[in-house]
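A.B. asks: got a sequence here, can you model it:
(3 chains)
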Amino acid sequence: MNRVLARALVLMVGVGLIAACTSGSNNTSSNNKFSGTTIRVVTFTGPQIAEPLQRRAPDFEKLTGAKVQVITVPFSDLYQKVLTDFATKTNSYDATVFDPQWMGDYVPPGYLEDLSDRVKNDSAIQWNDIAPFFRDFSATFKGKIYTIPLDGDFQMVYYRTDLLQKDGLKPPETWDDYVSIAQHFQGKDLNGDGKADYGSCMAMKRSAQSYWMIISIAAALLQSQGTKQGTFFSTDNMQPLINNPAMARALGIYKTLSRLGPPDQLNNDVGDSRGLFVTGRCALSLDWGDIGPLAVDKTQSKVIDKVGAVILPGSKQVLDRSSGQLADCNSTLCPYATNGVNHSPFAAFGGWSGAVNKAAPTKVKDAAYAFLSYMSQPAQSGVDVTIGKTGFNPYRLSHFNNLKNWLDSGMSEQAAKDYLGAIQTSLQSPNMVLDLRIPQSAFYEGTALDTAIAQFLAGELSANQTMAQITDQWNKKTDEVGRPAQLDAYKASLSVTK
Amino acid sequence: MSTLASSRVLRAASASWRPVAARLDRSAGLVFILPAVLVILGFSIFPLLASLYVSLSRLGFSEGGVELKFVGFDNYAKLLFGIDRPHFLGISGPLTPIGIAILTAVYALFAFLLYRYVRGPGLTVVGLVGRVLATVIGAALVWLIVDTVLTSGRPGTLAVTLIYVGADVSVQYLLGLGLALLVVQRLPGRRFFRVVFLLPMMITPVGVAYLFRMLTDTSKGPLYPVWAHFGLTDVSWVTNPWGARLAVMIGDVWQWTPFIFIVMLAAIETLPQELNEAAVVDGANRWQVFWRITFPQILPATSTVVLIRLIEGFKIIDLPNVLTNGGPGTATESLTLHAYTIWRALDIGGSAAVAYMLLIVVTFVGIAYVNLFRRRVAALA
Amino acid sequence: MGIIRRRSGSVSTTTVSLPAMTLSYIALFAWAFVVLFPLYWLAITSLKTPLDVNGGPFYIPWRDFQPNLDSWHYIFVDLGEDTFRPYLNTVVVGLTSTAITVILGSMAAYGLVRMRYRVTLGAIASFAVGLAVTVALLIQRWALPLAALAGLALFVLLLQTVARRSKRAVGNDDIAFWMISQRMLPPVAVVIPIYIFFQQLQLLDTWGALIISYVASHLPIVVWLMRDYFQSVPLELEESAAIDGASPYRIFRSIVLPLAVPGLVATFLFVLVFAWNEYLIALFLTSANAQTLPLTVAAQNATRGPQWWYMSVLILIMIGPVIAMAIALERFIARGLLVGAVKG
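C.D. replies: Modelled structure (predicted):
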């Protein structure tokens, strides 16, 4: 008995020694640079965004030994959950894939890790491959890099190529064009099922995406001199750019469009408008990049190969900020106009980006950064942006070079060129509009602007009352937070240094 | 602590019991109630105080973290007098004849009740002060509803919530009671109905809200043939203020009738049979049996279930949130949704202020209800 | 205590007349249709592709559209673990919290019905003062245990001295009203303090946090509902048992509870439903491990808009166990009534 026991002990010790030796030697190989660390990434419940993170986590673990745990939370409550976690120092998350607009609230209290140095020393991420707008504006705050772009978000107009071609119409160049095309098709049967269909389908529901839609329209009339000019406030005194003829005209257009769509349009969010468009019931739609891949998805779409995309319509008149009136475009007022039309592609929402919790242990932060970099690198992201289910839209110059991935996903060559062309034109525009990212941006946009627009569409407020209400609420909030601080933050977000 | 009827008996018997058992029995009262009281107390104190403090402050971000700055009653002032007043209270319009008629009738009723109390026995200072306060608050709420709904004005979230609660609880009670009475009869298959009628309550409220969103969709919802038949396919009832409110109310009734149904069912099932049999022998018809015998006996259960539904009903949020996000405009927004919307934008101070206004209104309704109905009902039983 | 016998009850013992029966059935089936049709719609939506859902109303499988199990496959297989874990959490938290709530709540309800409580205003005032002192000390950055101890000491001191002199008191009804008043404040106002509360206790993302929260929130409902059911138990039964020498506990367990079984079952089902379906507290107190199913349902409304097909599957599997319990327990609601025990 004792001999058996002794032999068992020797065996165990031997195995233990061998294990220790081998793990020791593994530590030096790059395959286990982060072995033993777990990265807890929080984002909203997928499949968008969460699915590619979950899908690539095992590969990343094989490469570096770090385990990635993706935690998901319902989308509408992600902001509160993450902020509460950081603010109460619970720190259950090491990284988050979130809306970069929220940087305005997360950076000043110091919740996010400054990634500038890591990016500088990381050649694999190919930082300069990222389109300039996302590189210089979307990922930075006060000149430092805080997020890694994983997705490129901006709004475009989609149209039915077959319908416009048949009636000899060109894709809309200005918002007035958009309105007249919508009027032309409203009430006609557009998908051959005998029921009357709609000219334009937009997400006008309250507390959904409506406030981005109105900004897309208004931006064309408000911003003409480059991203740094800003669209929401004056960079001189933080006065809202709401109570002016440009906004009044934008409100008029929005109201007209609310009548040129489905009867439920005021209660449609982006899921409804996309559903309507890809089942062939709308001639036009305003949306992010998701319609491109959705339109070629056989389980969802009846308009495969009948969809074209174009850069956000512009305006031939813009707000002259010195006079406060609308004026015709000329080379000084609209230096970036094409064909006399000022386009302001709106990077609504900003594009899902990854950020690292500053309070996490250093090794975890390094690992988290490595994972985000891995997700962003062209080899991975190039494939992910062609898969509609991932929710990732193109944001790197290399995403446009390889047509093959797009064709593999089911787009015809024409559709792919069209879709990518519209995105590229938008990305290269020097007049792209940066979404609001000052502290409490959720209040300015999601509460004040959104509620007033909903009331305007429902007829509870007139256009003038709407503009007055938004201006009052914005000013009150600005004064509550502190006007100088907000002005600083606004200028910092635009990287305006004066 | 003293027990009802048995205390003398217990003391007499205790001499022959072992000391521990005796002490345990004497403290039975405490043992029965203390666990529940301690749990509720322990869990509720901190959140109540904290949220009260939050309602008097404002959240801000600074270098180094979040801070709560004390601002006194500013959040409440914004709701009652300031920038959020149209949202919370609504916009009043000039009174119409109907409005004036209703106001007169209701105020006359209040005056009469007050007069009766003053002239009746049991007049106390505290009682009088309480009743005057209640009358004033009640009169203000009635005026609010009449002046924003029956005129060209627009009701705010407070008025909308009051309308929801009033309409929903009434309909739920009538339906629930009716269904319970039907199911209690000796009909074959009643077990099937008993289970089926429970179903709506079992679906998570968020799920019910999404379900109703599917149902009210005029283009792809199942009621499409009905709309088409009436030529209403181009009419959207969720973009009309009262249509949307109606959708919310129908959803709420569908979801919560089972609650009242099952409570009433259990109450009726435990009633002794002899009284009914005696009445039938004496020649009473079914209505008389119900109204004279059954109904008075289930009044306690009725008053409880209505009170619970009132309190829960004030917190309605999922249906207006998912169905229309409070739209069109602010037409379907309830007080809790109002608080939630503000809270999502990090104005937790403002949100807590709305919540406390809701608390004040519900407390008022609860106390008024208890004093008006439950005391009398308990005395009857 | 075998003197209680039951007979199934009904409002009228005479057979129901034919016209009355027809009308009853019409009404019953009408409401059953109102209840079941939306659920039917849910079921077929879970069998539809997105194209079918968005394309217009399709009613009958195989005739109007081809049913497929893609959504079910996604929820059970693709999501697998992500569906199973919330399911398990929901079951555990729901059943445990409901059982505890019903036990504690029934006891409190019985106490409120059969015993007379008096809490003097002096005692309440002492408590308030002790609490105020604790809060003040906490603001002055004292450690929590020390501040709590100081407050407690002050409370006891005041209780023994000043409070003794106070005569006016609150009674059973006021205690009950205090309990139900805890449900008046909407959860959104207290969710962040509750989060901080459990964070300090290091119970975030555990079953314990959810169970405690649900027990505390649902106790008032159990107390109020059971009060009425207990009140309908005839007092004479309990008195005769007490005369025979039974302790209050024995009376409660052997006489009162069995007679209140219908109410007990109904209450159990409610509280289970409340705990099963609760969203906001669950959202905040959980992150990776303890998430419950309502979160998964709400999460189907992603940036793409609601994914009706997945949501329908989730809602259906959520109500499955609850319906099963309701069917199993439903027979107890119809237990019926006493026979002769009162008179005999």
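
A.B. asks: from here on, contacts and neighbour counts on C-alpha atoms
C.D. replies: OK.

A.B. asks: counting neighbours, what do you get for the residue in the stretch 101-250 of chain A that chain B sits nearest to?
C.D. replies: Of all residues in the stretch 101-250 of chain A, A:P109 sits closest to chain B, at 4.4 Å by CA to the nearest CA. Per other CA atoms under 10 Å in any protein chain shown, the neighbour tally for A:P109 reads 18.

A.B. asks: what's the helix or strand that A:A454 is a member of packed up against?
C.D. replies: In this structure, A:A454 sits in helix A:450-457 according to DSSP states H and E. Under the contact definition 3 or more CA pairs under 8 Å, 6 or more residues apart in numbering or on different chains; DSSP states H and E, helix A:450-457 sits against helix A:210-222, helix A:463-481.

A.B. asks: before we move on, the earlier item: next, the residue of the stretch 101-250 of chain A closest to chain B: secondary structure please.
C.D. replies: Put simply, A:P109 is coil when judged by DSSP: H, G, I helix; E, B strand; the rest coil.

A.B. asks: helix, strand or coil for A:V42?
C.D. replies: strand.

A.B. asks: likewise for C:R63?
C.D. replies: coil.

A.B. asks: tell me the confidence at it?
C.D. replies: You'll see C:R63 listed with a pLDDT of 77.

A.B. asks: can you count the residues close to residue 48?
C.D. replies: Just so you know, I chose chain A. 18.

A.B. asks: wrong one, I was asking about chain C
C.D. replies: C:K48: 23 neighbours (other CA under 10 Å).

A.B. asks: how close does the residue of the stretch 201-350 of chain B found nearest chain C sit to A:T279?
C.D. replies: Of all residues in the stretch 201-350 of chain B, the one sitting closest to chain C is B:K220 (4.0 Å; CA to the nearest CA). Going from B:K220 to A:T279 by CA to CA, to the nearest Å gives 12 Å.

A.B. asks: quick one: which of the two has more around it?
C.D. replies: Using other CA under 10 Å as the criterion, B:K220 and A:T279 rank with A:T279 on top: 23 against 18.

A.B. asks: I'd assumed C:L51 was in contact with that one.
C.D. replies: Yes - A:T279 is within contact range of C:L51, at 7.2 Å (criterion: CA atoms under 8 Å).

A.B. asks: which neighbours do the two share?
C.D. replies: Applying CA atoms under 8 Å, 6 or more residues apart in numbering or on different chains, one finds that A:T279 and C:L51 are jointly contacted by A:300-301.

A.B. asks: circling back to that earlier point, what sits against the closest residue in space to the residue of the stretch 201-350 of chain B closest to chain C that isn't next to it in sequence?
C.D. replies: Leaving aside its sequence neighbours, B:K220 sits nearest to C:G56 (CA to CA, 6 or more residues apart in numbering or on different chains; 4.0 Å). Neighbour list for C:G56: B:219-221 [criterion: CA under 8 Å, 6+ apart].

A.B. asks: hang on, the earlier thing: quickly find the element holding the residue of the stretch 201-350 of chain B closest to chain C.
C.D. replies: Under the assignment given by DSSP H and E, B:K220 is not contained in any helix or strand.

A.B. asks: tell me the pLDDT of it.
C.D. replies: For B:K220, the model assigns a pLDDT of 74.

A.B. asks: name the helix or strand for the residue nearest the centre of chain C, please.
C.D. replies: Centroid-nearest residue in chain C: C:V271, 1.8 Å away (criterion: CA atoms, centre = their mean). Here C:V271, judged by DSSP H and E, is contained in helix C:261-277.

A.B. asks: quick one: that helix near chain B?
C.D. replies: Yes - on the criterion CA under 8 Å from any CA of the partner chain, helix C:261-277 is in touch with chain B at C:262-263, C:266, C:270, C:273, C:276-277.

A.B. asks: what's near enough to touch the closest residue to chain C within the stretch 351-498 of chain A?
C.D. replies: Chain C sits closest to A:G391 of the stretch 351-498 of chain A, with a gap of 8.7 Å, by CA to the nearest CA. A:G391 is in contact with A:47-49, A:151, A:290, A:385, counting by CA under 8 Å, 6+ apart.

A.B. asks: pull the residues that contact the strand or helix carrying A:V119.
C.D. replies: A:V119 belongs to helix A:116-120 when assigned by DSSP H and E. For helix A:116-120, contacts defined as CA under 8 Å, 6+ apart pick out A:125, A:127, A:144-146, A:369.

A.B. asks: which one among those gets closest to A:G410?
C.D. replies: In terms of CA to CA, no member of the contacts of helix A:116-120 lies closer to A:G410 than A:I125, at 28.0 Å.

A.B. asks: ok so, going back, next secondary structure after the helix holding C:V271?
C.D. replies: Tracing the chain past helix C:261-277, the next element assigned as helix or strand by DSSP H and E is helix C:280-285.

A.B. asks: list residues touching both of B:K220 and A:T279?
C.D. replies: C:54-55.

A.B. asks: about what we covered before: so for the helix holding A:V119, what gets flagged as buried?
C.D. replies: A:V119 (16 or more other CA atoms under 10 Å in any protein chain shown).

A.B. asks: same question, stretch B:263-280
C.D. replies: In stretch B:263-280, counting by 16+ other CA under 10 Å, buried: B:263-273, B:276-277, B:279-280.

A.B. asks: backbone dihedrals for the closest residue to A:P313 other than its chain neighbours, please?
C.D. replies: In space, not counting the residues next to it along the chain, A:P313 is nearest to A:T174; the distance is 4.5 Å by CA to CA, 6+ apart. A:T174 adopts backbone torsions of phi -120, psi 170, taken as degrees, to the nearest 10.

A.B. asks: so what's A:T174 up against?
C.D. replies: By CA under 8 Å, 6+ apart, the contact set of A:T174 is A:313-316, A:341.

A.B. asks: how about C:I323?
C.D. replies: When the contact criterion is CA under 8 Å, 6+ apart, the partners of C:I323 are B:195, B:199, B:202.
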